[in-house]
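>>> Sequence below, structure please.
(one chain, ligands or ions: 1)
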Amino acid sequence: MKKIIQDLSKEELSACIKPAFRAKQIYHWVYHKYASSFEEMKNLPKEMRETLATTYTLSPLKQVMVQDSKDGSRKYLYELHDGHTVEAVLLLMKDKVYHEDGTLKHQERYTVCISSQVGCKVGCAFCLTAKGGFMRNLTAGEIVEQVRLIKKDKHIDANRRVNIVYMGMGEPLDNLEAVVKSVKIFADEEGMAIATHRQTISTSGLSTKIEKLGKMELGINLAISLHAVDDALRQQLMPINKAYNIASIINAVKHFPVNDRKRVMFEYLVIKDVNDDISAAKKLLSLLDGIKAKVNLIYFNPYGGSTFKRPSVEDMQMFQSYLTSRGLHCTIRESKGLDISAACGQLREQALEGAKDA
Ligand code: SF4
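Residues are numbered from 1 along each chain as shown. Presented below is the predicted three-dimensional model:
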């Protein structure tokens with residue numbers, strides 16, 4: 001089987017390809033010109049292009065399905081070389097705003113939500129990915145390729161800033177080595193140059209791995225899927241809580257290096273009549289006391305077969321204002337891409353169902 005060229009950091013590529021400036025040229029073709037074949041790399045000698053083509057592939061993922069949302073989000077389903085599929089989502093965060101003279105004030109902000117594993121071992125009760133079980137880890141190149149293909153698909157200029165969130169399928173800290181490598185490949189100045197402070201790792205709270213990641217001092221942002229404020233409920237929603245309880249997560253976060261201008265994001269999936277009352281908000285406030293935290297409230301995104309329900313707008317706002325009035329940064333995440341089932345795992349699930357029906 002051919003090796004995936006996106007698995008290689010620039011240093012690794014330079015070690016295999018001589019002279020070293022050729023590695024830079026290849027990097028440029030891959031991450032700036034979004035090349036899909038070595039044949040396109042016309043400034044490389046023909047012989048080198050042929051050797052590269054016999055050793056490496058540039059296409060570890062194949063796009064098999066796309067869904068567009070009314071809000072501009074686009075969801076992708078990719079097939080890997082072994083037939084497994086993973087999802088990635090492009091989210092548009094802001095509309096274009098113009099100055100009075102017609103010049104552009106703000107551009108849309110692109111955020112790409114990517115997968116780190118095929119399936120997931122964590123088994124959250126509200127998650128469709130969990131229902132399919134765990135298949136395998138993605139390699140660094142398979143992670144990197146999701147962003148490269150999306151940039152190519154949407155004609156996003158190589159120098160245009162994008163944010164990355166490791167919040168698609170899988171638990172990124174359960175695939176720490178490949179994820180960290182992909183973070184570094186994304187950040188390479190001669191590649192996509194997506195600075196680590198534009199990248200966020202979202203975890204279900206593997207506290208020992210949070211500590212390990214923190215010690216690497218990557219400058220990356222951290223988001224924790226907390227969702228509940230007491231262990232009994234959290235265990236019900238996220239069985240992983242048995243191994244990594246709330247106290248261990250809070251303790252690990254307290255030691256995580258946070259960029260001066262950033263906060264640790266705590267994701268709180270609000271489920272109607274499960275965790276949407278003021279007593280939960282009160283507990284959340286005391287739990288996060290002393291942490292540079294920000295809470296992101298997420299409407300539970302209903303899907304077929306789920307017994308959980310979406311909370312009312314009023315309850316959501318009450319929850320938020322309780323926290324903000326007491327000094328905690330708290331936002332309500334817009335349900336981007338609700339009409340295209342943008343919660344992780346939902347597109348893949350539809351495709352698998354479709355395949356079964358076919
Ligand atoms: S929500 Fe995330 S961590 Fe939980 S099972 Fe789904 S993919 Fe895994």
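>>> What mean pLDDT does stretch 159-177 get?
When pLDDT is averaged along stretch 159-177, the result is 93.
>>> With stretch 113-124 instead?
pLDDT averaged over stretch 113-124 gives 93.
>>> And stretch 32-50, by the same measure?
96.
>>> Repeat that for stretch 216-234.
On average, stretch 216-234 scores 94.
>>> end to end, how far does that stretch reach?
28 Å (Cα to Cα, to the nearest Å).
>>> same thing with stretch 133-143?
19 Å.
>>> What lies in contact with that stretch?
4-8, 60-61, 80, 84, 86, 114-121, 170, 174-175, 178-179, 181-182, 185 (Cβ atoms under 8 Å, 6 or more residues apart in numbering). C-beta here means a position set from N, CA and C on the backbone, and glycine is covered the same way.
>>> And the average pLDDT for that stretch is what?
Stretch 133-143 comes out at a mean pLDDT of 97.
>>> buried sites along it?
134-135, 137-143 (16 or more other Cβ atoms under 10 Å).
>>> Now intersect the residues you listed with the helices, please.
140-143 (DSSP state H).
>>> How about the residues of the protein by the ligand?
Residues of the chain lying close to the ligand by Cβ under 6 Å from any ligand atom are 120, 122-124, 127, 129-130, 169-171, 204, 344.
>>> Kindly reformat those as JSON lines and extend each row with distance to residue 318.
Formatted as JSON lines, the residues of the chain next to the ligand follow (distance: Cβ to Cβ, whole Å):
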{"residue": "120", "distance to residue 318": "32"}
{"residue": "122", "distance to residue 318": "30"}
{"residue": "123", "distance to residue 318": "31"}
{"residue": "124", "distance to residue 318": "25"}
{"residue": "127", "distance to residue 318": "26"}
{"residue": "129", "distance to residue 318": "30"}
{"residue": "130", "distance to residue 318": "30"}
{"residue": "169", "distance to residue 318": "32"}
{"residue": "170", "distance to residue 318": "33"}
{"residue": "171", "distance to residue 318": "31"}
{"residue": "204", "distance to residue 318": "27"}
{"residue": "344", "distance to residue 318": "27"}
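>>> Now, the residues you listed that are in helices?
129-130.
>>> okay, the residues of the chain next to the ligand in JSON lines with neighbour count next?
Below are the residues of the chain next to the ligand laid out as JSON lines (neighbours: other Cβ atoms under 10 Å):
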{"residue": "120", "neighbour count": "26"}
{"residue": "122", "neighbour count": "25"}
{"residue": "123", "neighbour count": "16"}
{"residue": "124", "neighbour count": "21"}
{"residue": "127", "neighbour count": "23"}
{"residue": "129", "neighbour count": "27"}
{"residue": "130", "neighbour count": "21"}
{"residue": "169", "neighbour count": "27"}
{"residue": "170", "neighbour count": "29"}
{"residue": "171", "neighbour count": "28"}
{"residue": "204", "neighbour count": "25"}
{"residue": "344", "neighbour count": "26"}
